[in-house]
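1. quick one: sequence and predicted model below, then my questions.
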Amino acid sequence: MLVLAAVLFAQTLPGQPYASYWHPADLLSWSPYSDPDAPYNRSAIPLATRSLGDTQCNAHAIPGQAGITSISIMYPSTSFNPSQGGPGIDTYAFGYWQYIQQLTFWGGSAGEGLILAPNPGVIDAAHRNGVPVYGTVFFPPTQYGGQIQWVWDFVEKEGETFPVADKLIEVAEYYGFDGWFINQETAGGNAQLAQDMRDMLLYIQQNSDIRIQWYDAMTETGTISWQNALNGSNDWFFQYEGQTVSDEMFLNFWWTQTGLQNSANHAVSLGRSPYDLYAGVDVQAGGYNTAVNWAWLFPEGEDHTVSLGFYCPNWTYTNASGHSSFYTRDNRFWVGANRDPGNTQTTHPWKGMAHYVPEMTPVTVFPFVTNFNTGQGYRTAVEGSVLSEDPWHNRSQMDVLPTWRYMARSSGTALYPELDWEVPYYGGSSLKVSGELSPSNTTMLYLYKTDALLQGDDSFVLAWNRGAAGLPSGIEVALSTSSDPMSFSYFAVPDGPEQGWNTWQLPLSGFSGDTLSVIALRFQSTTVIDDYQIRIGRLGIIRGEQNEPAVPGGLTVEQFNQIDDNNGTIRLRWNHSPGPIYSYNVYRLNPDESRTFLWATPNNACFVPAVTRPEGEETTTILLEAVSTEFGFSPTAETQITWTTTGMESQGVPGVPSFLSDLSNPVSGVVNVGFSVSAPGPVDLVVYDLTGRVVSVLQRGNTSAGFHSVSWDTSDLPAGVYFQTISAPGGSDQRKCTVLR
């Protein structure tokens, strides 16, 4: 496998913490107590328990057999990977957790580091959805800088211990992720090295709960020879003398039907499940246009052979022309061409993963509340009020999104459901449903599979927005229980008295002792509404009175980095509030006592990427509140930052040069690339391809402050995705574009 080379995509804001990466010798000297960024890299979300529940939308999918593992590039480079998201909506906000068993945070390179810990945003989002996350250990081929000494350093033993193994355990336990994907592709090893590697993996298994996924490259002789199967040349990295060496094995991409069947049989002979083997499929270049022998993996009407392992399903993001395109492609990849996980019949060979594996649900306990937050937005809302107009991305804020995207059933033309980023209720997005609503097209929208026991004090909560006051909601809440999952009870949602967001609460005492199976919404009207449109901003079940957490204590400003007279960044620390917390919100208190939202994290260390000075203010108050899992809010803690008048004029987005929005996408031929620079000085504007190779240098050298435009000739470039990066002493910016031929 290849990995992107080191490219400075990050916005290098002062004080910015970054995700951790190391070479083996560097890892030995790492400690969370000496690493100033370590507290900002911790996940605070425990791994949710998942269930198959009582329902299954696709008759082709077989429960209890194959799973899917995803090896994804969650950030374009190993280095300069911001710990907690940052400015701008653009990010790979993967949201189809219900179809995968694990996610590997892929990265590592000879020039940056071989061992890469996942950043907390990905861990938080995955754990909230019940999916374990693995870091990466990548020993590259020698032609890509690999050195066999690094492998020897990795497995070096000290008495009865493996020091690097102990550090791998410490890193995973401190940061809160679940395992390591280990890919050893550096040539030059021998049988002793292979044995030491095996024994090190056994040591991890015996001394921790950390999981291991092994990549099929190194054999028991120490040579690099991809078997594309489990066999006698590599099985001791999977199972050895009755002991688990790796929890899963990722089989290289060139498998055959016979090889998969023999692998499955060999796994069983070792006392292991064949579904612990993941047949690799490389989708980095072709996505859902990749040719796959599906019948070899998942023969129709028969047991699955082995599980499926994707390399770079982030193709849906890296090859998308923009935000909307990414979401369309991601749905197509996971659900299929019909945009309906219950209907995957198509002439296209790629039917979507919903055709093969049943969806899982993390909604196994109550309370459960979702705001349909994808972990990104053009603005930020809190309880229906927009408190920031700055675009952002922060995967820690991703909710559990609908299990089925989308199952809208109607005898006529069903209403159209979609995620929407224009009018959020809490966070950056909501669920929008639109179309013509009439007596002839009542629409049943199935949203969440659940498997959780209801109590007498539980209530259903809903927030919705029809735009104008007094309009009929057109909604009924539809609930089914495990006694008869296909039989629903319906509860009419009243008309909305408010112009914008309306809220409603339904007691569920009549369901006490029942296990809830499905949450759905039914849309119907006795009259024709040509342009029916509604946004659902919150949906869920709370237990008793909405929980309001205690105020977090110990709030301190660890570091305030003033960039100019009006802009800065902040590193904040505090003590966790007791009890389950969804997140902590950080605000600036404005002179009129209103609040401006700054950032959020479930952690107790937060990097605020931008705080702006109110005019004339010397001391600015920063507020912190805890948010419960039922979205009750604590009283606020507060601290202050003090501004210094430097005489430096404002630089707009703090210290970061930026592109102008004058580039059409996709592009071809000669195009103009506009950018702005806030201060004179050296500026580099460089274009990289997906491997991190420089393909064009558009600007290099001193540039005056202001707006500029340079020409970019794409005529000689192959069609594909490219990254433009602009760097200046104050920071950097990057954007993605597609070149057409």
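-> Noted; the coordinates are in hand. The model shown is predicted, which means the values in this text are computed figures rather than measured ones.

2. my reading is that residue 260 is in a helix; is that accurate?
-> Yes - according to DSSP: H, G, I helix; E, B strand; the rest coil, residue 260 belongs to a helix.

3. domain-wise, how is the protein divided?
-> As given by automatic domain parsing, the domain ranges for the chain are 21-42+68-355, 368-543, 556-642, 658-739.

4. which other helices and strands does the helix or strand that contains residue 676 contact?
-> Using DSSP states H and E, residue 676 sits in strand 670-677. Strand 670-677 sits against strand 658-659, strand 681-688, strand 694-703, strand 706-713, strand 720-728, with contacts defined as 3 or more C-beta pairs under 8 Å, 6 or more residues apart in numbering; DSSP states H and E. Using the backbone N, CA and C atoms, a C-beta is placed for each residue, glycine as well.

5. got a markdown table for the domains of the chain, with mean neighbour count too?
-> Formatted as a markdown table, those follow (neighbours: other C-beta atoms under 10 Å):
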| stretch | mean neighbour count |
| --- | --- |
| domain 21-42+68-355 | 20 |
| domain 368-543 | 19 |
| domain 556-642 | 19 |
| domain 658-739 | 16 |
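
6. where among those is the average confidence lowest?
-> Mean pLDDT is lowest for domain 658-739 among the domains of the chain, at a mean of 78.

7. am I right that residue 157 is in contact with residue 193?
-> No - at 11.9 Å, residue 157 and residue 193 do not qualify as touching, with contact defined as C-beta atoms under 8 Å.

8. how about residue 206, secondary structure?
-> helix.

9. centre of the chain to the longest strand seen in the chain, how far?
-> Of all the segments assigned as strand in the chain under DSSP state E, the longest by residue count is strand 529-543. Centroid displacement of strand 529-543 relative to its chain, using C-alpha atoms, centre = their mean, to the nearest Å, is 24 Å.

10. quick one: the residue nearest to residue 509 when sequence neighbours are not counted and residue 55, what's the gap?
-> With C-beta to C-beta, 6 or more residues apart in numbering as the criterion, residue 509 has its nearest non-adjacent residue at 4.8 Å, and that residue is residue 456. Here residue 456 is placed at a distance of 24 Å from residue 55 (C-beta to C-beta, to the nearest Å).

11. could you do residue 233 as well?
-> 43 Å.

12. now the domains of the chain in TSV, with distance to residue 14?
-> Below are the domains of the chain laid out as TSV (distance: least, C-beta to C-beta, whole Å):
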stretch	distance to residue 14
domain 21-42+68-355	13
domain 368-543	18
domain 556-642	4
domain 658-739	9
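
13. of all the ones you listed, which one comes closest to residue 550?
-> domain 556-642 (4.9 Å; C-beta to C-beta).

14. return whichever helix or strand comes after the longest strand of the chain as CSV; C-alpha atoms alone will do.
-> Following strand 529-543 in sequence order, the next helix or strand is strand 556-562 (DSSP H and E). Written as CSV, here are the backbone C-alpha positions of strand 556-562 (Å, rounded to 0.1, in the frame of the first residue of the first chain):
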residue,chain,number,x,y,z
THR,A,556,-7.9,27.8,32.8
VAL,A,557,-6.3,29.4,29.8
GLU,A,558,-3.3,27.2,29.1
GLN,A,559,-2.1,29.5,26.3
PHE,A,560,-3.5,32.6,24.6
ASN,A,561,-1.8,33.3,21.3
GLN,A,562,-2.5,36.8,20.1
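
15. pull up the pairing partners for strand 556-562, direction included.
-> strand 567-573 (antiparallel) (DSSP bridges).

16. hmm, who's touching the partner strand?
-> 13-17, 39-40, 554-563, 586, 598, 604-613, 622, 624, 639, 641, 643, 650-651, 654-655 (C-beta atoms under 8 Å, 6 or more residues apart in numbering).
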